[in-house]
Structures are given as C-alpha cells and as structure tokens.
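Participant: fold the following.
(one chain, ligands or ions: 1)
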Amino acid sequence: MAVKNDLFLRTIKGEEVERPPIWLMRQAGRILPEYREVRASVENFVALVKNPDLCAEVTVQPIDALNVDAAILFSDILVIPEAMGLDYQLVEKVGPIFPKTVQSKADVEKLISGQEAADRIDYVYHAIDRTLERLENRVPLLGFAGAPWTLFAYMIEGSGSKTFSKAKRMLYKEPELSHMLMQKITDTVICYLKTKIKHGVSLVQVFDSWAGLLDINLYKEFAIPYLKQIREELAEFPVTLFSKGAWFAYEELQALNPTVMGIDWTISAEKSRSILGNEQILQGNLDPCQLYANHESIASKTVEMLNTFGRNHIVNLGHGVYPDTPLDGVKHFVNTVLNYRY
Ligand code: CP3
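Facilitator: Next up is the predicted model:
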C-alpha cells in the first residue's frame, strides 16, 4: 500500500517537491510527555527497547504530536553490542554502561557476529511489524544502526566518554585486533539492516556519532572501509550516512554513494553544499540548542537554513533533540518547515 505522506520518499528519489520533508533525530523520546509516561511504566530503558508494542507506540507518538514527515523506529544502536555478547544498561544522567567490555583478542573471538547475532535482535523486527500496523501508511518508517566505529567505541570503552581514548588507544596500539573487531561488528550491522529492510523500513540511517573524534587517517583506515561494505551490501537501498563531526571526510563519505548525507551543525549549509554539490541530498542541520531560543529566532534561522540548502534537502537538527527542549519550540521549528514553499 502506498504511503499517504510520500514527501520524504519523493525527496530521496530526487523528485521535485513543494517543500523539504522534516523529521528529528530523537523525536521518539523525552521531549514528549507521552513518551515519558510510557518510559515510566517499564522497569528500565532496555525493557522498553525489548517491548515491540511499546516501541511501536512511542515511534508513532511524534507523528501525532508533531506532524513530522517520517517516523524513526524507537530502539537504540546498543542492541548490536548486546546481541554480540555485551549486555548494557542505561543509567539515568550517566548514559550507557557495559559491565563487560572488549580488551583482548580472546574477548573479540568470543563475540557472536553476523546472522547469528542479528537473529538475537528479533524484538526489533517485531517492533517494525507492530509499528507498520499502527502507522497505517501515514508516513514512511526509517530504520537505523550504529556505524562500526561508534559501536566499537562503546564496546571498548564500556560507557560514554568525551574522548573515547581507550577505544582510540586500541586503534593505535592494536590495529590488527581493531580490524578484526570492526569486521565482526560490520558483519552484524549488515545482517541486521538487511533484516530490517525485509521487514519494511523505507531507508536506513547509519549513525557514526563519534566520527569527529578521529582524524582523517584513522577515519580512512578504520571507518570508511566498513561503511563501504555496508553501503555495497545494501545495494540500491536508500541509505543515510550521518557521521557527526566528520566534515574532514565528506568527500570520502560521498564517494560511498549514500542516498543522503547527514550534516551536523558544526559546518554551515553553505560550506557543506560547496563540498558536496547541489545534487546530493543533505539532511540537517540546525543546532539543537537553537530550539531554546524565542519563536522569532527559531523561525528566522530555520528559513535561512532552508534557503541556503535549497532543493535536495531533508530538514533535521544537527544532532538529536535535547530532552529539555521546550516542546513549543520544537513545534515552532516543525511548523515553520511545514508552511515553507520553495
Ligand atoms: O527518536 C529517535 O531518534 C529513535 C530512537 C533512538 C534512540 N537512540 C532512543 C534513545 C535512536 C535513533 C538512538 C540512537 C543512538 N543511541 C545513538 C546515535 C545517535 C546519537 O544520538 O548520536 C547513540 C550514540 C545512542 C546511545 C545512547 N542511547 C546514549 C548515549 C543514550 C543516553 C543519552 C541520553 O540522552 O540520555 C541512549 C539512551 C536513549 N536512546 C534514550 C532514547 C530516547 C534516552 C533514555 C531514556 O529514555 O531513558
């Protein structure tokens, strides 16, 4: 059955559209009181991620509350490390914690990978099925996975970090072991995304949230080759590469032929266009903190961004919406885009 609001799908096909589509990274989350209510009804974050009916419910919430043009499946990138053998918890105000991490060759060898690991994430595939039932074809559903480097970073470090210096130390000190782990993660990501696609998502976004911690040499050696494998394995399927902070590798990322390139707020719309050209579909990139400002400022900065990106643009923030963003600021941002015309 055709999707009723197909603006996002027409945009990624390169068709001429009346306005850019909009969705927000982390739209299914704590900015919505109805999300916080569901979240409070379960024991912890992981229990929510493993409950397909509740995942479907919170995935659809922002479609009702904000009128955005695409739904992103509620889940987390950390389901992959867990499937590979590293359980995680989400600690309030601390972030993800992995009691067990990867430190040695024996640890890497023990990890489950590929289809066997992807099969352990069946609760996500069930969540896609439930979500598609609930969405009733109103908007397309987006799937996602963490990029190999970002998942590697959590698996070595065991938590969030400003520098991820333990993970980077592994790249510098044990390149061979690092490649071995990257390959196991990549094999799992590929099987996982293929299964998501089979279940009916319309595009998959690969989140390389910690790309900006690497320099161009490390990024070319340890990130690009694995993103390339992912891109090639998904063949013609629509893929967004969002490598946060990796403006230094935009040419190399574009050479992988992504359908969409995700742009964070640290590079201007103008500069990203000048590097990537007018034909490349770009997604982004308002600073999430702009939504703390007054409505006038939100509207004027948004219109300025839309005018600068021009066509071939999907509107988003430059990273996930922060949980304490005033909901009326978020709505003002979305409505400014809904009312815009090229
Ligand atoms: O709305 C959506 O975007 C879909 C759901 C989604 C979540 N996490 C839900 C979530 C998506 C796409 C993610 C991706 C994710 N998870 C990334 C990549 C994107 C990015 O932000 O860079 C990363 C690095 C993670 C790992 C992760 N999960 C962290 C660092 C945290 C804690 C940070 C925080 O904001 O507290 C999470 C938890 C998380 N994932 C929450 C949500 C809604 C908040 C926890 C809660 O509700 O209790």
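Participant: show me where the stretch 51-200 of the chain has strands.
Facilitator: 71-72, 89-91, 95-97, 141-146 (DSSP state E, counting those that start in this stretch).
Participant: please enumerate the strands of the stretch 201-342 of the chain.
Facilitator: So, for the stretch 201-342 of the chain - with DSSP E, counting those that start in this stretch - the strands run 203-208, 239-243, 260-262, 281-286, 313-317.
Participant: around the ligand, which positions in the protein sit nearby?
Facilitator: 25-30, 39, 45, 72, 74-78, 90, 95-96, 144, 160, 207, 209, 320 (Cβ under 6 Å from any ligand atom). Heads up, the C-betas are built off the backbone N, CA and C, glycines and all.
Participant: and the pLDDT at the residue in the stretch 151-300 of the chain positioned nearest to the ligand?
Facilitator: Closest contact between the stretch 151-300 of the chain and the ligand, by Cβ to the nearest ligand atom, is at Ser209 (3.1 Å). pLDDT for Ser209: 98.
Participant: my read: it touches Thr150, true?
Facilitator: Yes - shown here, Ser209 and Thr150 form a contact pair, counting by Cβ atoms under 8 Å, at 4.9 Å.
Participant: give the residues shared as contacts by these two.
Facilitator: Ile77 (Cβ atoms under 8 Å, 6 or more residues apart in numbering).
Participant: residue contacts, the residue located most distally from the centre of the chain?
Facilitator: When distances are taken from the C-alpha mean of the chain, Ala106 lies farthest, 30.5 Å away, according to Cα atoms, centre = their mean. Not one residue lies near Ala106 by Cβ under 8 Å, 6+ apart.
Participant: tell me how far it lies from the ligand.
Facilitator: The gap separating Ala106 from the ligand is 26 Å, by Cβ to the nearest ligand atom, to the nearest Å.
Participant: how about the nearest residue to Arg231, chain neighbours excluded?
Facilitator: Leu256 (4.6 Å; Cβ to Cβ, 6 or more residues apart in numbering).
Participant: okay, now the one you found: neighbour count?
Facilitator: As a burial measure, Leu256 scores 17 neighbours (other Cβ atoms under 10 Å).
Participant: could you check how far it is from Tyr154?
Facilitator: The gap separating Leu256 from Tyr154 is 23 Å, by Cβ to Cβ, to the nearest Å.
Participant: these two touch, right, Leu241 and Ile224?
Facilitator: No - applying Cβ under 8 Å, one finds Leu241 not in contact with Ile224, separated by 10.2 Å.
Participant: tell me which of the strands of the stretch 51-200 of the chain sits most buried.
Facilitator: For the strands of the stretch 51-200 of the chain, ranked by mean neighbour count under the definition mean count of other Cβ atoms under 10 Å, the leader is strand 71-72 at a mean of 26.
Participant: and that strand, what other elements does it pack with?
Facilitator: helix 52-66, strand 141-146 (3 or more Cβ pairs under 8 Å, 6 or more residues apart in numbering; DSSP states H and E).
Participant: as a markdown table, those with mean pLDDT and distance to Leu111 would be great.
Facilitator: Below are those laid out as a markdown table (pLDDT from 0 to 100; distance: least, Cβ to Cβ, whole Å):
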| stretch | mean pLDDT | distance to Leu111 |
| --- | --- | --- |
| helix 52-66 | 98 | 25 |
| strand 141-146 | 98 | 15 |
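Participant: tell me the most buried of those?
Facilitator: strand 141-146 (a mean of 22).
Participant: quick one: that strand to strand 203-208, angle?
Facilitator: For strand 141-146 against strand 203-208, the angle by axes from the mean of the first three to the mean of the last three Cα atoms, to 10 degrees is 30 degrees.
Participant: list the strands paired with strand 141-146, with their directions.
Facilitator: Listed by DSSP bridges, the sheet partners of strand 141-146 and their directions read strand 71-72 (parallel), strand 203-208 (parallel).
Participant: mind listing what Ile112 touches?
Facilitator: So Ile112 contacts Ala83, Met84, Gly85, Arg120 (Cβ under 8 Å, 6+ apart).
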